[in-house]
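> The amino acid sequence is not available; the structure is as follows:
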């Protein structure tokens, strides 16, 4: 008898659900700000004026200009499943949020489980006591059960018939005597390391290339300078990766693999990323300070180029791959500047064409992974471009090998190598590696990041080891 009574009581009490941080593992205000920065950056100058007119007006102006795709937001699956069960059982569900009514209604329409929406309307910011008053008017004398996650929800919880705590809201369980249920916080702070993409630091090994090719690896001062440069570039790159992920949230959520990235999936809050990115950049500058001002300038150039890539060039066909190749080459230039060595034009020419080849592999693989799509979201390519990208990529790779062949016949080579004839063995190694990469890419067996592929590929390690042995043999005159 008591079980039946409890069931009727639960059905009679409307379930009012917060949106930001509760139903979704993100904050729509920050998401709209980032989308506005990406799509209409000049509108950011209007933010102070909007904010001067109040929070509700600020949110309304943002919602009118930053059009989020609510279908791909990181919804909390366990909570959403629970809400759908309650709705099917006849319980009234109310979406109660301080977000603007425009986006709140879009979420409600997408989910199809809410019978009412309580939200900010441009005049009233629906949070705290204002949200409580609106819910009391909406739900009437029978009261309501409130689902939330934040300290601002405490006032609503204390006047509700029941409280359901989600995520960070679980820390208030001892402050409330009406807790009916909790949903665990699945935010994972250690995901910050994944957001930094530490594996991508491998790209910055290019900083050591000038030191290695100049045969100066036994100079402790230069090795120390190269290590500092490596750290500075790695921290700067991580800062850019975080910024890139924040600006690409929607595109990543539509991607079969990138949707699992920390910010896109909601494993890390967006506002944490807004703190992490500048912190990493500041650490990069600190690491670079002991080096020359010229190196600091190269680091600044790298940051500006990567940011412009994220904001603009990423969506421009051909220009995107050219800039990617330039960014790889800048790492080599930075390595030379850091250790006080002039980078050979031969090395720059090889790097430009070789990394242009890898950039084309990256774009080709991204298109190949989406055979059912007519275009690559947020990129300037279509599926019809596959063959063209492959042709351009293979050509770039083989031109880089031609540069090596021309270098072997140049007068400069005899200054560094006792038996430069051995360097000809590099050409078949490079032909094999470039050809194999494109063969795997055409088969759909290539990761959309060639660097990750190379780090996981045993054959690449063997080819790399053979190339090092050839270089060492040529330098040491083993054949002589």
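Cool, got the structure. Just so you know, these numbers come straight off a predicted model, no measurement behind them.

> Okay, and residue 99 sits in which element?
Under the criterion of DSSP states H and E, residue 99 resides in strand 93-100.

> and the next element down the chain from that strand?
Using DSSP H and E, the first helix or strand after strand 93-100 is helix 101-111.

> tilt between that next one and strand 93-100?
150 degrees (axes from the mean of the first three to the mean of the last three C-alpha atoms, to 10 degrees).

> residues of helix 101-111 that come out buried?
Under the neighbour-count criterion of 16 or more other C-beta atoms under 10 Å, helix 101-111 has 101-104, 106-108, 111 buried. (C-beta placed from N, C-alpha, C; glycine too.)

> can you check stretch 158-170 too?
Judged by neighbour count using 16+ other C-beta under 10 Å, the buried positions of stretch 158-170 are 159-169.

> could you dump the buried residues of helix 101-111 to CSV with distance to residue 210 and pLDDT?
Rendered in CSV, the data for the buried residues of helix 101-111 read as follows (distance: C-beta to C-beta, whole Å; pLDDT from 0 to 100):
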residue, distance to residue 210, pLDDT
101, 58, 95
102, 54, 96
103, 51, 96
104, 55, 96
106, 53, 97
107, 53, 97
108, 58, 97
111, 56, 96
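
> So which of those residues is the closest to residue 120?
The nearest member of the buried residues of helix 101-111 to residue 120, counting by C-beta to C-beta, is residue 101 at 6.4 Å.

> In the stretch 1-150 of the chain, what residue spans correspond to helices?
Listed in chain order, the helices found in the stretch 1-150 of the chain under DSSP state H, counting those that start in this stretch are 2-12, 28-39, 47-52, 55-65, 77-88, 101-111, 129-139.

> circling back to that earlier point, give me the helices and strands touching the strand holding residue 99, please.
Strand 93-100 is packed against strand 15-17, helix 55-65, helix 77-88, helix 101-111, strand 116-120, helix 129-139, with contacts defined by 3 or more C-beta pairs under 8 Å, 6 or more residues apart in numbering; DSSP states H and E.

> Need the contact partners of the third one.
Residues external to helix 77-88 that are found in contact with it (C-beta atoms under 8 Å, 6 or more residues apart in numbering): 15, 17, 22-23, 93, 111, 113, 147, 166, 181, 183.

> Apply the buried test to those residues and list what passes.
Burial by neighbour count, 16+ other C-beta under 10 Å: within those this picks out 15, 17, 22-23, 93, 111, 113, 147, 166, 183.

> who's in contact with stretch 273-281?
Residues from elsewhere that reach stretch 273-281 (C-beta under 8 Å, 6+ apart): 30, 192, 195-196, 235-236, 238-240, 242-243, 245-246, 263, 303.

> ok, now with 7 Å
Taking C-beta atoms under 7 Å, 6 or more residues apart in numbering as the criterion, the residues outside stretch 273-281 that touch it are 30, 192, 195, 235-236, 238-239, 242-243, 245-246, 263.

> Also stretch 460-467?
Around stretch 460-467, the neighbours that count as contacts under C-beta under 7 Å, 6+ apart are 426, 429, 432-433, 454.

> how about a cut-off of 6 Å?
The contact list for stretch 460-467, computed with C-beta atoms under 6 Å, 6 or more residues apart in numbering, reads 426, 429, 433, 454.

> same check, this time on stretch 97-107
Identification of contacts with stretch 97-107 by C-beta under 6 Å, 6+ apart yields 18-19, 28, 59-60, 63, 70, 95, 117, 119-121, 126-127.

> same deal with stretch 56-73?
24, 32, 35-36, 43, 50-51, 100, 102-103, 106-107, 110, 120, 122-125, 250, 253.

> cool, and stretch 125-140?
Defining contact as C-beta under 6 Å, 6+ apart, one finds that stretch 125-140 is touched by 14, 16, 55-56, 96, 98, 116, 118-120, 124, 144, 152, 155-156, 159.

> For residue 392, the count of nearby residues, please.
Applying other C-beta atoms under 10 Å, we find 19 other residues in the vicinity of residue 392.

> Repeat that for the one 10 residues further on.
A total of 13 residues lie near residue 402 under the criterion other C-beta under 10 Å.

> Most tightly packed of the helices and strands packed on strand 93-100?
Neighbour counts averaged per stretch over those are highest for strand 15-17, at a mean of 26; criterion: mean count of other C-beta atoms under 10 Å.

> pLDDT on that one, on average?
pLDDT averaged over strand 15-17 equals 96, rounded to a whole number.

> go on, stretch 469-480?
What stretch 469-480 shows for mean pLDDT is 76.

> Quick one: work out the angle between the host helix or strand of residue 287 and helix 28-39.
Counting by DSSP H and E, the element that carries residue 287 is helix 270-288. Per the same axes, to 10 degrees, the angle that helix 270-288 makes with helix 28-39 is 60 degrees.

> Much appreciated, bye for now.
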